[in-house]
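A.B. asks: model the structure of this input:
(2 chains)
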Amino acid sequence: MDPFRSHRGKLALLDRANVDTDQIIPKQFLKSIARTGFGPQLFYDWRYLPDGAPDPAFALNAPRFLGASILSVRNNFGCGSSREHAVWAILQDGYRAVIAPWQDRGGTRVPGFADIFKNNASKNALLTIELSEAEVDEIFQLVDRFPGLDATVDLDHQRVTLHLPEEVSFHFEIDPGVKERLIHGLDDIGLTLKHEPAITAFESRHNTQLPGGRSG
Amino acid sequence: MPKTLFDKLWDSHVVVALADGTTILYIDRHLVHEVTSPQAFEGLRLSKRTVRRPELTFATMDHNVPTDDRLVIRDPISKAQIDALSANCREFGIRLYDLSSEEQGIVHIIGPELGLTLPGTTIVCGDSHTSTHGAFGTLAFGIGTSEVEHVLASQCLPQQRPKTFKVEFTGRPKPPVSAKDLILKFIGTIGTAGGTGYVLEYTGEAIRSLSMEGRMTVCNMSIEAGARAGMVAPDDTTFQYIAAKPRPFAPKGKAFDAAVARWKTLPSDAGATFDRALTINAADVAPQITWGTNPGMVTDVTGRVPQPDAVPGYSRKDVEQALTYMGLAPGTPMTQIKLDTVFIGSCTNARIEDLRIAAGVLKGRKVATKTLVVPGSQQVRAQAEAEGLDRVFKDAGADWRQSGCSMCLGMNPDQLKPGERCASTSNRNFEGRQGKGGRTHLVSPEMAAAAAVVGHFVDVRNWPAPGGR
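C.D. replies: Numbers count the residues shown, from 1 in each chain, chains lettered A, B, ... in the order given. Below you'll find the predicted structure:
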């Protein structure tokens, strides 16, 4: 995995809540056995007209978002299917980070990203950043006021900075283990396999309940 | 300290707890299907790794499978994906239930049938509905393709410990209110992100009174509430299900008795605490129907399509977008919604009990809509045919198919056409899920079968009128 420390790029806005992975990449593209080629299929059903031309009604087709690499969305992004193709499509269409708001619902914190999507993103160096609803609202307002606005997502310092004449910054939290792996581009599987003696020891004491004497 | 069922499962599978809070968790069973695995096997080849425990890895093909003539796969891309799974299983020594197998079926239906799904174990699969297996007191959750590769290579997964959420259904559902209605009611109550970050434990009299099939329906849709896993503590219903049939991978004889003794220690201890709890009175739950484009957009059969500004948890814009897609006018009674297609199937509702219920409604009647009945596995299909259910479906004018994911997700020839409206026993009513432009209403098998007869939704609690049934 490529390391992720910091990235500067243009912000794009998708003003929609509960975007599921069926929308991010529709089912017909999951038949591929390759790991590449998903970029043009991102948001396929929203993005294109029946004749294959870009649908001008779809937000991300707006000229002002052309070449954007940081996507700001609404809550519960990436819900539904576990398809990692959703993360591949976002990356392969040129995005390096997605920003979504967590919500306070009756004192309970509801995360901005669905669990499996967030996990998949972390395995592919797509940075998922959770900010408060007020902060994400502010990003939406500022991008509308200053088309073409650039931001820097700085994983080292856990900070999103909007490059306005007077810079606006937001702090974000991230799991320390995930941060470490992203910053150093570590091979997740290699890290686990370093614990080979512990895995073998576990298997020798753990009953995997397979019949026919095949227990571990 | 008293422990929850989840705590016991988690604690007994910790290989290493790292200083940064990551736990390396051991995986007892890894289920594999054709869609989310090819890139994982390719990753193994590129990094010159192998499958650590091929005998704990089990594969089948379900998503791409045609349900009419299953041996002729006309779509060359689907065929390539199915062939890739066969080749990968051969290369890495993994047991495969392919299209010629009498035990093939939807991965979450065959796991329990084969005795792979057992209490006290951990199960993962590259599919979000892996939560289904939690019905056995199993910690089971869906993973992405990178994680599939991770488990193939190491039989482990690095995980952050989730929080716990007790979902108690008091009272008993009044038949024909079913497991599907209970879980839809719950999702409607907390929303599709309400369970994110939690493992759910379903408890209470209503859950205890459910069959294993019903519990699987409930756990299956945990992910639609945002929770990666949902569980039910094992009890006599669980043990009887495991022992009821020859299940090749379940313990037998003395080993079974010893296992049951172990399994009986799994339920949450008295006084165990959960991070969150919610209680729903099952006796008050009505048959549910979704009206929108996610499973949380749901109402009672006696309800109406909502006004855009009157749905808690959704903005006016969310609701307007959903109703535009669904082609529904606010205020329309749910029972006036006319249907083009009925789909009875999927990992949510294609087990034998679901088919018996649907057949009970369809017996001696004719369907008014195109109706597809797709058994969840070839074993379910064989059993249904032994019971004569296939005749009931065919006599009613429904299409009786081979097993597979079918119209749940439209990766195979079974799809809705743009604008077509479907009553579906599946799990997702997302835009385009059953085919581009298709409109999905999620319901129970009983509601779906009754809708097939009448051509629109009906309240199965008072249908047909007395004397008519």
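A.B. asks: which strand runs longest in chain B?
C.D. replies: strand B:163-170 (DSSP state E).
A.B. asks: helices or strands up against the helix or strand just after that strand?
C.D. replies: Next helix or strand after strand B:163-170 toward the C-terminus (DSSP states H and E): helix B:179-190. Contacts defined by 3 or more CB pairs under 8 Å, 6 or more residues apart in numbering or on different chains; DSSP states H and E place helix B:179-190 against helix B:212-220, strand B:276-281, strand B:288-290, strand B:298-300. C-beta here means a position set from N, CA and C on the backbone, and glycine is covered the same way.
A.B. asks: just list what the following helix or strand past helix B:179-190 packs against, helices and strands only.
C.D. replies: Using DSSP H and E, the helix or strand that follows helix B:179-190 towards the C-terminus is strand B:198-203. For strand B:198-203, the packing partners by 3+ CB pairs under 8 Å, 6+ apart come out as helix B:5-11, strand B:163-170, helix B:212-220, strand B:229-231.
A.B. asks: helix or strand right after strand B:198-203?
C.D. replies: helix B:205-208.
A.B. asks: can you list the buried residues in that following helix?
C.D. replies: By neighbour count on 16 or more other CB atoms under 10 Å in any protein chain shown, the buried set for helix B:205-208 is B:206-208.
A.B. asks: can I get the residues you listed in CSV with pLDDT and distance to chain A?
C.D. replies: Below are the buried residues of helix B:205-208 laid out as CSV (pLDDT from 0 to 100; distance: CB to the nearest CB, whole Å):
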residue, pLDDT, distance to chain A
B:206, 98, 24
B:207, 98, 23
B:208, 98, 24
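A.B. asks: against which helices or strands is the helix or strand in which residue A:191 is found packed?
C.D. replies: Using DSSP H and E, residue A:191 sits in helix A:188-193. Under the contact criterion of 3+ CB pairs under 8 Å, 6+ apart, helix A:188-193 touches helix B:145-154, strand B:156-159.
A.B. asks: tell me which of those is the most buried.
C.D. replies: helix B:145-154 (a mean of 26; mean count of other CB atoms under 10 Å in any protein chain shown).
A.B. asks: hmm, that one in reach of chain A?
C.D. replies: Yes: counting by CB under 8 Å from any CB of the partner chain, chain A is contacted by helix B:145-154 at B:145-147, B:149-150, B:153-154.
A.B. asks: of these, which is the nearest to residue B:278?
C.D. replies: Nearest to residue B:278 among those: residue B:147, at 28.9 Å, using CB to CB.
A.B. asks: the closest one contacts residue B:124, correct?
C.D. replies: Yes: under the criterion of CB atoms under 8 Å, residue B:147 makes contact with residue B:124 at 7.2 Å.
A.B. asks: pull up the overlap in contacts between the two.
C.D. replies: residue B:157 (CB atoms under 8 Å, 6 or more residues apart in numbering or on different chains).
A.B. asks: which stretches of chain A form strands?
C.D. replies: A:6-13, A:70-72, A:97-105, A:108-110, A:127-132, A:150-154, A:159-162, A:168-171.
A.B. asks: let me know the angle separating the lengthiest helix in chain A from strand A:150-154.
C.D. replies: Counting by DSSP state H, the longest helix found in chain A is helix A:133-145. For helix A:133-145 against strand A:150-154, the angle by axes from the mean of the first three to the mean of the last three CA atoms, to 10 degrees is 150 degrees.
A.B. asks: what is the burial count for residue 99?
C.D. replies: Assuming you mean chain A. 26 (other CB atoms under 10 Å in any protein chain shown).
A.B. asks: my bad, chain B
C.D. replies: Quick note: residue B:99 (other CB under 10 Å) scores 20 neighbours.
A.B. asks: can you tell me which residues contact it?
C.D. replies: Shown in contact with residue B:99 (CB under 8 Å, 6+ apart): B:61, B:65, B:70-71, B:82.
A.B. asks: cool, and residue B:184?
C.D. replies: So residue B:184 contacts B:221, B:288, B:290, B:295, B:298, B:442 (CB under 8 Å, 6+ apart).
A.B. asks: same check, this time on residue B:170
C.D. replies: B:204-206, B:279-283.
A.B. asks: tell me what the helix or strand hosting residue B:123 is packed against?
C.D. replies: Counting by DSSP H and E, the element that carries residue B:123 is strand B:122-125. Applying 3+ CB pairs under 8 Å, 6+ apart, we find strand B:122-125 packed against strand B:29-32, helix B:107-114, strand B:139-142.
A.B. asks: returning to what we had before: could you give the mean pLDDT of the longest strand of chain B?
C.D. replies: Taken as a whole, strand B:163-170 carries a mean pLDDT of 98.
A.B. asks: what does stretch A:44-61 give?
C.D. replies: Rounded mean pLDDT across stretch A:44-61 is 97.
A.B. asks: what's the offset of it from the middle of its chain?
C.D. replies: 22 Å (CA atoms, centre = their mean, to the nearest Å).
A.B. asks: run a quick neighbour tally on residue B:91.
C.D. replies: Residue B:91: 13 neighbours (other CB under 10 Å).
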